[in-house]
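Q: Could you look at this predicted model? Sequence included:
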Amino acid sequence: MARPPKCRLVERLPAITYFKPQGIPMSQLSEVILSVEELEAVRLRDLEGLEHEECAEKMAVSRPTFHRIVAGARRKIAEALINGLAIRVEGGNFRVTLIKLRCNQCGHAWEGTFCRRHTKCPCCKSSDWSKVE
C-alpha cells in the first residue's frame, strides 16, 4: 500500500483559479486540473526563479518530490496550451503558511496569508501591505 502524500506548504493561494482559451465556448472545452501545490511549485521555480532545493524547502518536501510536482505541473500546462484546454486550479494536499506582513498605511505588523484579493490590515483595514523579509 502506498504511503499517503505529505501535506505541502503553500505561501500564496491563487487569486484566479480558471483559465480558458479565448473564443471557445465553455460547453466545448475540456479541462486540465492543476492542484494548488502544483501551481505553487511553478510560481516558486519559474516565476521567483528559485533553485529546486530552495523550492523544496519552502514547500516542506524533498528535492525529488519537488521535481515530480513541478514536472507534472509543467506537463499539464503544456497540454492545455498546445491542445486548447482550460486550466482549473483546485484541490491538493496542502496548508497555507503564515507570513509576516506590514501595513504601508499605519505600519502595523502581523502574520497572515498572502492573498492580494482578500488580505487586509487588521488595524486600519487597508489593502496596501507588503511582505516583510
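A: Right, received. Where do you want to start?
Q: Need the residue closest to the centroid of this protein.
A: Centroid check for the chain by C-alpha atoms, centre = their mean gives residue 40 as the closest residue, at 3.3 Å.
Q: measure it to residue 12 for me?
A: The spacing between residue 40 and residue 12, counted by C-beta to C-beta, to the nearest Å, is 7 Å. Using the backbone N, CA and C atoms, a C-beta is placed for each residue, glycine as well.
Q: re the thing from before, residue 34 is in contact with the residue nearest to the centre of the chain, correct?
A: No: judged on C-beta atoms under 8 Å, residue 40 makes no contact with residue 34 at a distance of 10.2 Å.
Q: Contacts only, for the residue nearest to the centre of the chain.
A: Going by C-beta atoms under 8 Å, 6 or more residues apart in numbering, residue 40 touches 8, 10, 11, 12, 59, 94.
Q: And these, which is the shakiest by pLDDT?
A: Minimum pLDDT across the contacts of residue 40 is recorded for residue 12, with 85.
Q: Start from the N-terminal end of the chain and give the helices.
A: Listed in chain order, the helices found in the chain under DSSP state H are 36-42, 52-59, 63-83.
Q: now the last one: mean pLDDT?
A: What it means is helix 63-83. Per-residue pLDDT values over helix 63-83 give a mean of 97.
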